[in-house]
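Peer 1: Here you go, sequence then predicted model.
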Amino acid sequence: MITEYGHLDTAPFRQRRYVTYRPGRPVLGLLAALAFPAWVLPLLARGPRPVVHVHLSEGGSFVREGFVAVAASLLRLRVVATLHGARFLEFVAERPRLARAVLRACDVVLCLGPVHAAAVQRVVAGADVRLVMNPVDLPGRGTGGDRDGLRVVFGGEVGTRKGVDRLFRAWPSVLERVPGARLTVCGPLGPGIDRVPPGIDYAGTLTREALRGLLAGATVACLPSRQEVLPVFILEALAEGTPVVATKAGEWKSFEGVETIRWVENEDGPVADAALASAIVSVLTSGRVDERFDRTRDWLREHASRAAVASTLVRAYSPQRPSAHG
């Protein structure tokens, strides 16, 4: 998702990337965060004062990127934050003072849906909170191209948080009713899953381009997550004209108005597994209504395209009222 931000045209603002998250190397990430003031100070003498945009999740992010936000605020720079954490609500409950200190340093907080926006307002009353979608690249071609048989695709960490175990349990029921169906699972193995069951295609970790290509030929994209914010996987499937079956996890209400998503309850147990299987079967065996996909593409263009998200960012970067620091 951060990579996708790098493709946004945020003119008149020019992007510079400063990396503070180092996977598997937390000490280096912390040192990079602490070095931020030394990196930004020379920029203040060269031209217009920069806007600092931090991406926050939860836990250590509120220490690393949170330090950057607070330091930028003390330097009287405009600070914009985007919240991405799937466990942000739990984090706020566990560390309210840290969350409040960081969020108070931000002039604008961008949230991926109304649930997180309400949580920020509870932590910092009167905060300037705005909604934004994750950006997705819309291919120039239309929807409804050639589909690869009756293929269902799962993409993401192959673990229990993304609910792939739910899909594994539901799959035999899908095959009973649609014997020709195939399931392809993409992504690294995660907590709770040590192997992919026999009869299911495991593609491993794919590049974004390869996954997009697989989605373009799929009949259904499935993401039965237990915990999410706003999955890019769903957005990319919709962009490729592929219908989605997903659980009501995270900011699922941000997709209000999209007709090509079949929602199932975010629950566990035999009844929930049967409901997931039925939803997949329904989409696999339903005729394709191109008008629905045309409307989905219009919705994506208005809310989640690179141009739409860039426009939201430029408005957030541009002071429209006196700064909270001044």
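Peer 2: Yep, that arrived.

Peer 1: Could you pull up phi and psi at the residue in the chain sticking out farthest from the centre?
Peer 2: What lies farthest from the middle of the chain is residue 45; by C-alpha atoms, centre = their mean that is 35.6 Å. The phi and psi values for residue 45, taken as degrees, to the nearest 10, are phi -90, psi -10.

Peer 1: same check, this time on residue 61
Peer 2: Dihedral angles of residue 61 (phi, psi; degrees, to the nearest 10) stand at phi -60, psi -40.

Peer 1: The one 3 residues further on now?
Peer 2: The phi and psi values for residue 64, taken as degrees, to the nearest 10, are phi -70, psi -70.

Peer 1: What of residue 222?
Peer 2: phi -130, psi 130.

Peer 1: Hmm, residue 167 and it touching each other?
Peer 2: Yes - using C-beta atoms under 8 Å, residue 222 is in contact with residue 167, at 5.9 Å. Yep, even glycine has a C-beta here, placed from its N, CA and C like the rest.

Peer 1: what's the overlap in contacts for those two?
Peer 2: Taking C-beta atoms under 8 Å, 6 or more residues apart in numbering as the criterion, residue 222 and residue 167 both touch residue 154.

Peer 1: out of those two, which sits in the busier spot?
Peer 2: Between residue 222 and residue 167, counting by other C-beta atoms under 10 Å, residue 222 is the more crowded of the two (32 against 24).

Peer 1: ok, which stretches of this protein are strands?
Peer 2: Ranges of strands within the chain are 51-56, 78-83, 108-111, 129-131, 151-155, 182-186, 201-204, 220-223, 244-247, 261-264, based on DSSP state E.

Peer 1: Where does pLDDT dip in the stretch 1-150 of the chain?
Peer 2: Applying pLDDT under 70 to the stretch 1-150 of the chain flags the ranges 140-148.

Peer 1: how much space between the nearest residue to residue 103 once chain neighbours are set aside and residue 106?
Peer 2: Leaving aside its sequence neighbours, residue 103 sits nearest to residue 124 (C-beta to C-beta, 6 or more residues apart in numbering; 4.8 Å). For residue 124, the distance to residue 106 (C-beta to C-beta, to the nearest Å) stands at 8 Å.

Peer 1: Give me the more crowded residue out of these two.
Peer 2: The neighbour count for residue 124 versus residue 106, taken as other C-beta under 10 Å, is higher for residue 106 (29 against 19).

Peer 1: Tell me the spacing between the more buried one and residue 35.
Peer 2: Separation of residue 106 from residue 35 (C-beta to C-beta) stands at 21 Å.

Peer 1: related to what we said a few turns ago, please convert the strands of the chain to TSV, extending it with distance to residue 91.
Peer 2: Converted to TSV, these look like this (distance: least, C-beta to C-beta, whole Å):
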stretch	distance to residue 91
strand 51-56	10
strand 78-83	10
strand 108-111	14
strand 129-131	17
strand 151-155	25
strand 182-186	28
strand 201-204	31
strand 220-223	22
strand 244-247	21
strand 261-264	26
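
Peer 1: which one of those strands is the most hemmed in?
Peer 2: Most buried of the strands of the chain by mean neighbour count (mean count of other C-beta atoms under 10 Å) is strand 220-223; its value is a mean of 28.

Peer 1: The stretch 51-200 of the chain: helices as residue ranges?
Peer 2: Using DSSP state H, counting those that start in this stretch, the helices found in the stretch 51-200 of the chain span residues 61-74, 88-94, 96-104, 114-123, 164-177.

Peer 1: List every C-alpha atom in the last one, with coordinates, as CSV.
Peer 2: Which is helix 164-177. Listed next in CSV are the C-alpha coordinates belonging to helix 164-177 (Å, rounded to 0.1, in the frame of the first residue of the first chain):
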residue,chain,number,x,y,z
VAL,A,164,-7.9,-18.9,5.5
ASP,A,165,-8.7,-21.7,7.9
ARG,A,166,-12.3,-20.8,7.4
LEU,A,167,-11.9,-21.1,3.7
PHE,A,168,-10.2,-24.5,4.0
ARG,A,169,-13.1,-25.8,6.1
ALA,A,170,-15.7,-24.5,3.7
TRP,A,171,-14.0,-25.7,0.5
PRO,A,172,-15.1,-29.3,0.6
SER,A,173,-18.7,-28.1,0.7
VAL,A,174,-18.0,-25.8,-2.3
LEU,A,175,-16.6,-28.8,-4.3
GLU,A,176,-19.6,-31.0,-3.5
ARG,A,177,-21.8,-28.4,-5.2
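
Peer 1: Give me the contacts around that helix.
Peer 2: Here helix 164-177 makes contact (C-beta under 8 Å, 6+ apart) with 152, 154, 156, 158, 181, 183, 185, 192-193, 196-197, 199-200, 222, 224, 247, 268, 272-274, 276-277, 280-281, 284-285.

Peer 1: same thing with the third one?
Peer 2: Residues lying outside helix 96-104 but in contact with it, judged by C-beta under 8 Å, 6+ apart, are 56, 62-63, 66, 69-70, 81, 91-92, 109, 120, 123-124, 127, 324.
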